[in-house]
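**Student:** Need the 3D shape of this:
(one chain, ligands or ions: 3)
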Amino acid sequence: MQTLQVALGERSYPIHIGPGLLGQPDLLSPYIRGRQVMLVTNETVAPLYLNKVKASLSAFQVDTAVLPDGESYKTLDTVNLIFDQLLEKRHNRTTTLIALGGGVIGDMVGFAAATYQRGVDFIQIPTTLLSQVDSSVGGKTGVNHALGKNMIGAFHQPRCVLADTATLKTLPLRELSAGIAEVIKYGLICDQSFYAWLQMHTKDLLACDDTALGYAIKRSCLAKAEVVAEDEREGGIRAILNLGHTFGHAIETHEGYGNWLHGEAVAVGMLMAVDLSIRLGWLEAQELEVLRRLLVQAKLPVVSPSDMTPDDFLKHMAVDKKVVDGTLRLVLLDAIGKAKVTSDFHHDALIATLKSI
Ligand SMILES: NC(=O)c1ccc[n+]([C@@H]2O[C@H](COP(=O)([O-])OP(=O)(O)OC[C@H]3O[C@@H](n4cnc5c(N)ncnc54)[C@H](O)[C@@H]3O)[C@@H](O)[C@H]2O)c1
Ligand SMILES: O=C(O)C(=O)C[C@@H](O)[C@H](O)[C@H](O)COP(=O)(O)O
Ligand SMILES: [Zn+2]
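**Tutor:** Ligands and ions are numbered 1, 2, ... in the order given. Here you go, the predicted structure:
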């Protein structure tokens with residue numbers, strides 16, 4: 001097991017990464033303050049891992065909520081099902097919510113924890129690659145709105161993150177690929193040598209090789225922990241974690257939540273960000289092909305949805321959370337490993353990118 005730390009003063013917390021961590025009581029109990037625990041998962045993950053986690057919590061009053069599975073259920077109505085359980089089982093302010101599942105469960109449970117009785121503790125047990133490298137860390141929680149991704153939410157940090165890499169053995173290949181998209185993001189925004197490593201080892205990640213997965217998860221969490229420690233609430237630098245997301249969220253919203261996986265939409269979005277950075281003269285032209293090859297290797301899409309026009313993109317991008325006073329800001333690259341948030345691009349260049357990808 002490897003342990004990283006998210007350094008946020010009194011809200012600091014560990015990220016434990018390794019195989020076989022589920023079912024170890026000592027990794028969870030130090031982070032549970034009261035006697036009550038609400039273990040929340042979904043219909044797919046429950047038969048796989050719920051009993052194992054529950055068995056490790058025998059010292060507590062454990063209640064469970066099993067939610068429907070899918071991005072289309074990442075809504076206030078589904079979060080309300082968590083509140084129903086919490087109230088029916090009389091959970092008080094010392095309760096701890098535990099999110100067992102992918103990013104959809106993590107985001108919703110985090111939001112329920114941020115708002116139940118004005119805020120209670122929660123723990124992340126991520127079981128997808130995407131949630132182990134990204135969504136379980138950093139405290140962004142929330143739900144989707146029909147008009148925009150993650151539009152309702154709160155910053156609320158978990159008390160600890162337990163990433164059992166053995167759970168990835170049951171993950172469908174398409175979901176593994178979606179997680180690799182966020183891993184590639186870290187190479188692009190802050191680590192050129194990790195990006196080069198990914199060119200060599202993406203096939204190992206797809207084959208669920210323990211060493212490769214362990215390294216990629218650790219490197220990604222380290223990058224995210226550093227950025228979050230510097231800028232917890234996205235006043236500045238944290239926005240680089242949004243590379244490809246302004247385009248990607250537009251795809252997810254337009255296509256209907258769940259039809260394009262988050263990682264798939266981000267993959268095409270990153271290609272757009274690289275294409276635009278090249279058009280602006282900031283990045284070497286060859287980088288578009290390098291990224292395209294890597295995404296293809298990772299079995300990710302490299303073309304935007306056939307039914308989306310540039311106007312469709314612009315409509316959705318206009319509600320992006322990085323928009324300031326009506327001005328769109330994008331995360332673009334000055335070099336591989338060097339991202340910036342900028343509004344310094346010509347509208348025609350953006351349209352050319354939207355048309356060409
Ligand atoms: N909060 C953040 O910082 C942040 C960061 C990135 C993404 N996100 C959000 O995360 C969500 C995507 O997360 P995701 O990719 O984990 O998707 P997901 O939560 O929908 O999980 C993907 C699928 O895998 C299933 N699953 C989970 N673990 C499994 C396992 N071990 N074995 C078999 N099946 C398993 C799930 O039930 C689901 O069907 C999006 O809503 C995105 O917006 C949030
Ligand atoms: O943690 C962050 O900050 C991120 O931007 C990570 C992203 O991968 C993630 O998809 C996040 O939920 C997007 O945030 P949003 O603020 O654009 O909704
Ligand atoms: Zn993301």
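
**Student:** How about the contacts made by the residue lying closest to residue 297 once chain neighbours are set aside?
**Tutor:** Of all residues not flanking residue 297 in the chain, residue 202 sits nearest, at 4.8 Å (Cβ to Cβ, 6 or more residues apart in numbering). From N, CA and C alone the C-beta is placed, and that goes for glycine too. Contacts for residue 202 (Cβ atoms under 8 Å, 6 or more residues apart in numbering) come out as 180, 294, 297, 298.

**Student:** for the stretch 1-150 of the chain, what spans make up the helices?
**Tutor:** 25-28, 51-55, 76-88, 103-115, 129-130 (DSSP state H, counting those that start in this stretch).

**Student:** With mean neighbour count, mean pLDDT and distance to residue 216 as added columns, please give those helices in JSON lines.
**Tutor:** Shown next, in JSON lines, are the helices of the stretch 1-150 of the chain (neighbours: other Cβ atoms under 10 Å; pLDDT from 0 to 100; distance: least, Cβ to Cβ, whole Å):
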{"stretch": "helix 25-28", "mean neighbour count": "16", "mean pLDDT": "95", "distance to residue 216": "21"}
{"stretch": "helix 51-55", "mean neighbour count": "15", "mean pLDDT": "97", "distance to residue 216": "24"}
{"stretch": "helix 76-88", "mean neighbour count": "16", "mean pLDDT": "98", "distance to residue 216": "30"}
{"stretch": "helix 103-115", "mean neighbour count": "26", "mean pLDDT": "99", "distance to residue 216": "16"}
{"stretch": "helix 129-130", "mean neighbour count": "29", "mean pLDDT": "98", "distance to residue 216": "8"}
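
**Student:** Identify whichever of the ones you listed lies nearest to residue 328.
**Tutor:** helix 103-115 (24.1 Å; Cβ to Cβ).

**Student:** And the closest one, how far out from the chain middle?
**Tutor:** Its chain's C-alpha centre and that of helix 103-115 lie 12 Å apart, by Cα atoms, centre = their mean, to the nearest Å.

**Student:** Please work out the angle formed by the directions of it and helix 76-88.
**Tutor:** 50 degrees (axes from the mean of the first three to the mean of the last three Cα atoms, to 10 degrees).

**Student:** residues contacting residue 195?
**Tutor:** Applying Cβ under 8 Å, 6+ apart, the residues near residue 195 are 184, 187, 188, 336, 337.

**Student:** do that again at 7 Å, thanks
**Tutor:** By Cβ atoms under 7 Å, 6 or more residues apart in numbering, the contact set of residue 195 is 187, 188, 336, 337.

**Student:** out of these, which are buried?
**Tutor:** Buried members of the contacts of residue 195, scored by 16 or more other Cβ atoms under 10 Å, are 187, 188, 336, 337.

**Student:** In strands, which of those appear?
**Tutor:** Cross-referencing the buried ones among the contacts of residue 195 against strands under DSSP state E gives no overlap.

**Student:** wait, which of those residues is closest to residue 351?
**Tutor:** residue 188 (22.7 Å).

**Student:** Please report how far that closest one lies from residue 6.
**Tutor:** Applying Cβ to Cβ, to the nearest Å, the value for residue 188 to residue 6 is 22 Å.

**Student:** Need phi/psi at the residue nearest to residue 297.
**Tutor:** phi -60, psi -40 (degrees, to the nearest 10).

**Student:** and the gap between it and residue 296?
**Tutor:** Taking Cβ to Cβ, one finds residue 202 at 10 Å from residue 296.

**Student:** ok, now residue 4?
**Tutor:** Residue 4 is 31 Å from residue 296, by Cβ to Cβ.

**Student:** And residue 232, by the same measure?
**Tutor:** 35 Å.

**Student:** Who has more neighbours out of those two?
**Tutor:** Neighbour count, other Cβ atoms under 10 Å: between residue 232 and residue 296, residue 232 has more, with 18 against 13.

**Student:** one step back: I'd like the contacts of residue 195 as CSV, with pLDDT and distance to ligand 2 appended.
**Tutor:** Converted to CSV, these look like this (pLDDT from 0 to 100; distance: Cβ to the nearest ligand atom, whole Å):
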residue, pLDDT, distance to ligand 2
187, 98, 14
188, 98, 12
336, 98, 18
337, 98, 17
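
**Student:** Leaving out chain neighbours, which residue sits closest to the residue nearest the centre of the chain?
**Tutor:** Among the residues of the chain, residue 135 comes closest to the average C-alpha position under Cα atoms, centre = their mean, at 3.0 Å. Counting by Cβ to Cβ, 6+ apart, the nearest residue to residue 135 once its immediate chain neighbours are dropped is residue 103, at 3.5 Å.

**Student:** The buried ones among the contacts of residue 195 in helices, which ones?
**Tutor:** If you go by DSSP state H, the buried ones among the contacts of residue 195 have 187, 188 in helices.

**Student:** Go through the buried ones among the contacts of residue 195 and say which is closest to residue 275.
**Tutor:** Of the buried ones among the contacts of residue 195, the one sitting nearest to residue 275 (Cβ to Cβ) turns out to be residue 188, at 12.8 Å.

**Student:** is it true that the closest one touches residue 338?
**Tutor:** No - counting by Cβ atoms under 7 Å, residue 188 stays clear of residue 338, with 9.2 Å between them.

**Student:** before we move on, the earlier item: a markdown table please, covering the buried ones among the contacts of residue 195 and showing distance to ligand 1.
**Tutor:** Converted to a markdown table, these look like this (distance: Cβ to the nearest ligand atom, whole Å):
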| residue | distance to ligand 1 |
| --- | --- |
| 187 | 16 |
| 188 | 15 |
| 336 | 21 |
| 337 | 20 |
